[in-house]
Each structure stands twice: as structure tokens, then as C-alpha cells.
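Participant: Requesting a structural model of the entry that follows:
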Amino acid sequence: MSELYMMVTITNRKYMSKFAALYRENQIEVGTVSLGMGTASSSILDYMGLEDDEKSICFHFVTAATWKKVKKGLQNQLRIDVPGTGIVFTIPMSSIGGKRELGFLIQGQEFVREEEGTLKETKHELIVAIANYGYNTQVMKAAEEGGATGGTVLHGKGVGMKRAEQFLGVSLVSEKEVIFIVAKSEQKNAIMSAIMEKAGITSKAGTIVFSLPVTSTAGLRILEDEEENS
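Facilitator: From the prediction side, this is the model:
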């Protein structure tokens, strides 16, 4: 699935509407928005002409062809290369749980699904589950039954959720929880399957789950050693 990417946008909150407008022009309708804070000092902000360090962090899903068009728009229309405007980057996706879910995430974009692929020597995957607000416990319980050992939860707001019923046959709320789970590559399918079965799109949790390749990790060695010796 190397031709499909998660596109991450980090920009000042007041600029986000301009980015969203550009994305809609390119049929990028579905995503998740979270709020954050930049870490630059006040002197750096003054130097770069920024008023504050409040950020919007957005996750969307794009094909290679769509990203090519969007990147050109970011450079020519939004002047993203000017310091202080923001940053947008893409991460190749490994897999998405379900054909309907894939169609919903990239609606309007042309994409031919290929066999799942992983980067060479990738030993871990980042599993991302986007669930309705208040259901992270249900998602994590399912993930743990599939072999996960823990996760991290962020609060966000879904974009384009009103069109979910058209594509998925279910209604999705706008308030979201994003759960990040790092797992061994060989455990990915079991964890994703457990989430889809027990907290998937047709349940009250309304979870969409996908995975991204992780090229290197630190902090998992002790935990993995304990699992191997148990």
C-alpha cells in the first residue's frame, strides 16, 4: 500500500481554514484535527513574526497523485515555504482495516488497492485507531486481547463525518479519540482484527483503524525481553 499516505499538517490555528479550503479543492474531505502548542520561545516567535504558538495538528489520507497536486498548491497558493506558515509531511501507510473504511477515508480520490507492503527491516508498526469520543477503553481492551501492551490517547475532532453514512452505512460523531499503539509487525494483524471485531465501525465505538511502518524504536527492549522470557 505504498501509494497511500497519511498527510500530517501542523500550522498556526488561525491559518487552518486556508489549509482546509485547499484540501477540499483536492477532494480531501475526511480527517482528524487536534490542538497543540508549539515549543518555540517568545524571542523566536517574535523573530519569525508569529503572534502565538497555538497549533492545529491535522491528519488526512492522500494518494500519491493527490499529494503531488496538494504539495504544489501548498507551495504556490499558501506559500508554505515562508517561515511561520506551517509544515505538511506524509507517512506511507501499511494497511487499513476494511475496504469500506478505505473508501471513506479517501473518498473522491482515485486509488487502486495493491497488496499490503512493509518497509524493509521494519520490526514494528504504529497502529492508529480513531474512535468516537468516550470509547478508548473499549478499543484498548480489544487491542490488548489481540496482543497489545498499551497505548496513548489524544482528543480530536473528525472532519467530514457527516458523509460517513453514505459510505459506511453508519453515523459517526465529530468528537474523536485517537489511540496510538506501537506493536511488533507480526502482532499487527491480530490487534487490528480484534479492534475491528469488538470496537469496529458498526459498534458504538465506530472505530477506524490503520497502521504505519515504524523504522526504529527505543524504549521497548525491556518489555520485549520480558515477553520472550515469560
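Participant: quick one: average confidence on stretch 136-147?
Facilitator: Mean pLDDT, stretch 136-147: 96.
Participant: what are the ranges of the strands in this structure?
Facilitator: Along the chain, counting by DSSP state E, strands occupy 4-12, 31-37, 54-63, 87-92, 95-96, 124-132, 152-159, 175-184, 208-214.
Participant: Walk me through which strands the third one pairs with, and which way each runs.
Facilitator: I take that to be strand 54-63. Applying DSSP bridges, strand 54-63 is found paired with strand 4-12 (antiparallel), strand 31-37 (antiparallel).
Participant: Can you say which of the ones you listed is packed in most?
Facilitator: Most buried of these, by mean neighbour count (mean count of other C-beta atoms under 10 Å): strand 4-12, with a mean of 19. C-betas here are computed from N, CA, C, even on glycine.
Participant: contacts for that one?
Facilitator: Outside strand 4-12, the residues within contact range by C-beta atoms under 8 Å, 6 or more residues apart in numbering are 16, 19, 28, 36, 50-52, 54-64, 67, 70, 84-93, 96, 106, 111, 128, 210, 212.
Participant: Give me the residue at the spatial middle of this structure.
Facilitator: With distances taken as C-alpha atoms, centre = their mean, Phe59 lies nearest the centre of the chain, 4.8 Å away.
Participant: Who are the contact partners of the closest residue to that residue other than its chain neighbours?
Facilitator: Distance criterion C-beta to C-beta, 6 or more residues apart in numbering; nearest residue to Phe59, sequence neighbours excluded, is Thr32 at 4.8 Å. Residues near Thr32 by C-beta under 8 Å, 6+ apart: Cys58, Phe59, Ile130, Gly156, Lys157, Gly158, Val159, Lys176, Val178.
Participant: What does the pLDDT read for the closest residue to Glu175 other than its chain neighbours?
Facilitator: Nearest non-adjacent residue to Glu175, counting by C-beta to C-beta, 6+ apart: Tyr133, 3.7 Å away. Looking at Tyr133, its pLDDT stands at 94.
Participant: Mind pulling the model confidence for Thr207?
Facilitator: If you check Thr207, the pLDDT there is 96.
Participant: do the same with the one 3 residues further on
Facilitator: Per-residue pLDDT puts Phe210 at 95.
Participant: Top of the contacts of Thr32 by number of neighbours, please.
Facilitator: Lys176 (26 neighbours; other C-beta atoms under 10 Å).
Participant: Throw the strands of the chain into a markdown table and include distance to Met196, thanks.
Facilitator: Converted to a markdown table, these look like this (distance: least, C-beta to C-beta, whole Å):
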| stretch | distance to Met196 |
| --- | --- |
| strand 4-12 | 18 |
| strand 31-37 | 18 |
| strand 54-63 | 17 |
| strand 87-92 | 21 |
| strand 95-96 | 10 |
| strand 124-132 | 9 |
| strand 152-159 | 18 |
| strand 175-184 | 13 |
| strand 208-214 | 6 |
